[in-house]
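> Predicted model follows, preceded by the sequence.
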Protein chains: 2
Amino acid sequence: ALGAWAHRARARPVLLVVAAAAVLRGGSDVVHAEPHEEPMRRRMELFVKEAQAQIVRALEQADGAGRFRRDQWTRPEGGEGISCVLQDGRVFEKAGVMVSVVHGKLPPAAVREMSSRGGPARELQAIEGEHLPFFAAGISLIVHAHNPHVPTVHMNYRYFEVEAAGRRVAWFGGGADLTPSYLVDEDAEHFHRTLKAACDAHDHAFYPTYKKACDEYFVIKHRGEARGVGGIFFDDLASPTVERTFSFIRDCCSAFVPAYLPIVQRRKDTPYTEAQKQWQQLRRGRYVEFNLVYDRGTKFGLATPGARIESILVSLPLTARWEYDQQPAAGSAEDRLLQVLRRPREWA
Amino acid sequence: ALGAWAHRARARPVLLVVAAAAVLRGGSDVVHAEPHEEPMRRRMELFVKEAQAQIVRALEQADGAGRFRRDQWTRPEGGEGISCVLQDGRVFEKAGVMVSVVHGKLPPAAVREMSSRGGPARELQAIEGEHLPFFAAGISLIVHAHNPHVPTVHMNYRYFEVEAAGRRVAWFGGGADLTPSYLVDEDAEHFHRTLKAACDAHDHAFYPTYKKACDEYFVIKHRGEARGVGGIFFDDLASPTVERTFSFIRDCCSAFVPAYLPIVQRRKDTPYTEAQKQWQQLRRGRYVEFNLVYDRGTKFGLATPGARIESILVSLPLTARWEYDQQPAAGSAEDRLLQVLRRPREWA
């Protein structure tokens, strides 16, 4: 499945082995302590592809029956990707683990959007109306399970470079968040604590800042409710250095399996009723609302010429439901979830 | 259900009776031949409420079992509405017939969007950055049936007034379109011919112009396919006069029942397989994509403070499905639909 990439990689085996060793070790000190010969775009590409392979293996093992289908695609405008999708498994209804490594020219509107956010891209504000060369590499993941007691999870880590006036502006973005249909405090706490530990190893200010950013981002504004119980979310991050940020996002990404799979193990065999399944379907409808109406990544993807739509919309659940004016009974488990979605809580 | 409106209406019974008689007669010559004492906003309100009641009766009769639930709501910022929703009937899975009559202040961004379209609202371009008083009255309708051989239908007719610098700018918009999961030429032809007849009675240029506008508007751009087989669509219409346009949209609205219900009668008992039901569910997913990503009315509604979300999103189907990279077999009935959605045809 990694054919095209392996082919290109063959030219520089030594550097790749060094970078791969650092990735597989899970440590990052060596990598960020010294200047690296391999450019960051190559190291990020290697990292996300290896992370994809590891996560796919872990999810297949957790499912016990379903297998991921692997699609390698190329983008006519520049770049490629690998989409791994498992559909209708034993545990998982739909799981997608996608990698994309793309480059090309950013239209002025996209440059404006980025520079207006005030991160590293703010220096692009000086260059109005130009198409700028960009590079982006990222991994994104979404898992919807059959059992309504197993929460949906989403994760995305990405690296972005824009070149302007002879300079290169680079940053990372990403995060992970949990979307239960039925709230189990223990699960939300476990998920948040695992992410907090990954953050705390880098900077104690990270978790509280990115937890809050997550609560603020994943909001279905027209409903006045959060998509789920959050996690972490950040963008435009290149501080203190790009190198240290790479180390940070690798640790966050490595925290995915220990943050999520224990919850799957605990809940996958919990019995459920037809009414609970229907509630899950309604929550899936809300998930679709967020992704199609508000999600920046989805909107950027749908508006990008030549983007692979199936890889973007794989985030949508296999099935969803919209009932007119459905209101859970006060005090019910369904109502309890809504109360928390309307007022995000601290979990770690 | 019409309580609040009837209460206000009690003050001018005579004029209302005149207008109601014209509506019920279905003719419009008297109404548009002479200046009318009742303002257009009141006449439109009366018309859409009466049309709603008639259509609800016709759909209940066609369903044979389901009954519409009627919700009357008020908008804190000004105005009211009546949402009639039938869910899980014998023939219809979800049907919504909604009326809203609202007023308030338009934020500058909304004024800019309207004036940029180049219709009657273009004269608002001179007034930048101001909040302008507006009034809007409309009827909108969506019907999703259980049977995959019964197409989904959508209809919307609306009247809009904006006041600026002592002048009132007014226009109508609307249309109707058909979205089959399985294409039956006879049905698409019947639907289009019925709308064409309503258009032709007013201006022979209307149908070809609005048919084309419909094909251009209801496009799922990221898929490169139309939402359905179209119908008619127009906006910013006040020509040759507001009065004549009112007569035109009344005739279009009256064409809904004869355009759609015969198709329901013909297809509601057609046997179908589980695979056909799943294809319908995938097409419903596409419907959700259009409505949440592109539909102007939905976007305007979701972004309007105080809007009744349940009345806006009632347009979404009860159930929908997204399969990764699903492709129908070449030459299948499913594939035939896709071919037509990619290259709109003439039907009347």
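Everything's here; your move. Numbering: from 1, shown residues only, chains lettered A, B, ... in the order given.
> Get me the contact residues on chain A for chain B.
Near chain B, the residues belonging to chain A are A:69, A:71, A:83, A:85, A:87, A:94, A:96, A:221-223, A:281, A:285, A:288-289, A:292-293, A:302-303, A:307, A:309-310, A:312-314, A:316-325 when assessed by C-beta under 8 Å from any C-beta of the partner chain. To be clear about C-beta, it is placed using only N, CA and C from the backbone, and glycine gets the same treatment.
> of those residues, buried ones?
In those, burial by neighbour count holds for A:71, A:83, A:85, A:87, A:94, A:96, A:222-223, A:281, A:285, A:288-289, A:292-293, A:302, A:307, A:309-310, A:312-314, A:316-324, counting by 16 or more other C-beta atoms under 10 Å in any protein chain shown.
> List the contacts of the closest residue to chain B within the stretch 51-200 of chain A.
Taking C-beta to the nearest C-beta, chain B has its nearest neighbour within the stretch 51-200 of chain A at A:Val85, 4.5 Å off. Listed by C-beta atoms under 8 Å, 6 or more residues apart in numbering or on different chains, the contact set of A:Val85 reads A:Phe68, A:Arg69, A:Asp71, A:Lys94, A:Ala95, A:Gly96, A:Val97, A:Val314, B:Tyr324, B:Asp325.
> swap in A:Phe172?
Shown here is A:Phe172, whose contacts under the criterion C-beta under 8 Å, 6+ apart are A:Tyr157, A:Arg158, A:Tyr159, A:Phe160, A:Phe234, A:Leu237, A:Ala238, A:Val242, A:Thr245, A:Phe246, A:Phe248, A:Ile249.
> how does it look with 10 Å?
Residues touching A:Phe172, when contacts are defined by C-beta atoms under 10 Å, 6 or more residues apart in numbering or on different chains, comprise A:40, A:44, A:120, A:138, A:157-160, A:234-238, A:242, A:245-246, A:248-250, A:252.
> Could you turn the buried ones of those residues into a ChimeraX selection?
Command for ChimeraX that selects the buried part of the contacts of A:Phe172, burial taken from 16+ other C-beta under 10 Å:
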select /A:40,44,120,138,157,158,159,160,234,235,236,237,238,242,245,246,248,249,250,252
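> Restricted to strands, list the contacts of A:Phe172.
Counting by DSSP state E, the contacts of A:Phe172 place A:Gly138, A:Tyr157, A:Arg158, A:Tyr159, A:Phe160, A:Phe234, A:Asp235, A:Asp236, A:Leu237 in strands.
> would you list every one of the helices in the stretch 151-300 of chain A?
A:185-200, A:206-217, A:242-254, A:256-267, A:274-293, A:296-303 (DSSP state H, counting those that start in this stretch).
> May I see the ones you listed organised as TSV, with mean pLDDT added?
Below are those laid out as TSV (pLDDT from 0 to 100):
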stretch	mean pLDDT
helix A:185-200	98
helix A:206-217	98
helix A:242-254	97
helix A:256-267	98
helix A:274-293	98
helix A:296-303	87
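> hey, which of these is tucked in deepest?
Looking across the helices of the stretch 151-300 of chain A with neighbours counted as mean count of other C-beta atoms under 10 Å in any protein chain shown, the highest average goes to helix A:242-254: a mean of 22.
> what's the neighbour count on the nearest residue to A:Gln125 once chain neighbours are set aside?
The spatially closest residue to A:Gln125, leaving aside those adjacent along the chain, is A:Ser115, at 4.4 Å (C-beta to C-beta, 6 or more residues apart in numbering or on different chains). A count of nearby residues for A:Ser115, using other C-beta atoms under 10 Å in any protein chain shown, gives 21.
> same deal with A:Gly306?
With neighbours defined by other C-beta under 10 Å, the count for A:Gly306 comes to 12.
> tell me which residues in whichever helix in chain A runs longest are buried?
Among the segments of chain A that qualify as a helix by DSSP state H, the longest is helix A:40-63. Residues of helix A:40-63 classed as buried: A:40-56, A:58-60, A:62-63 (neighbour count, 16+ other C-beta under 10 Å).
> so the helix or strand just after it versus helix A:40-63, what angle?
Of the helices and strands lying after helix A:40-63 in sequence (DSSP states H and E), the nearest is strand A:69-74. Between strand A:69-74 and helix A:40-63, the angle comes out at 160 degrees (axes from the mean of the first three to the mean of the last three C-alpha atoms, to 10 degrees).
> Using the three-state scheme, assign the closest residue to A:Glu189 other than its chain neighbours.
Using C-beta to C-beta, 6+ apart and skipping residues adjacent in sequence, the residue nearest A:Glu189 is A:Trp347, 5.1 Å away. Under DSSP: H, G, I helix; E, B strand; the rest coil, the three-state class of A:Trp347 is coil.
> Does A:Trp347 touch A:Leu178 like I think?
Yes. In this structure, A:Trp347 is within contact of A:Leu178 by C-beta atoms under 10 Å, at 9.3 Å.
> what is in contact with these two at once?
With contacts defined as C-beta under 10 Å, 6+ apart, the residues adjacent to both A:Trp347 and A:Leu178 are A:Asp187, A:Ala188, A:His190, A:Phe191, A:His192, A:Leu195, A:Val229, A:Gly230, A:Gly231.
> and of those residues, the nearest to A:Leu106?
Within the shared contacts of A:Trp347 and A:Leu178, proximity to A:Leu106 (C-beta to C-beta) peaks at A:Gly231, which comes in at 28.2 Å.
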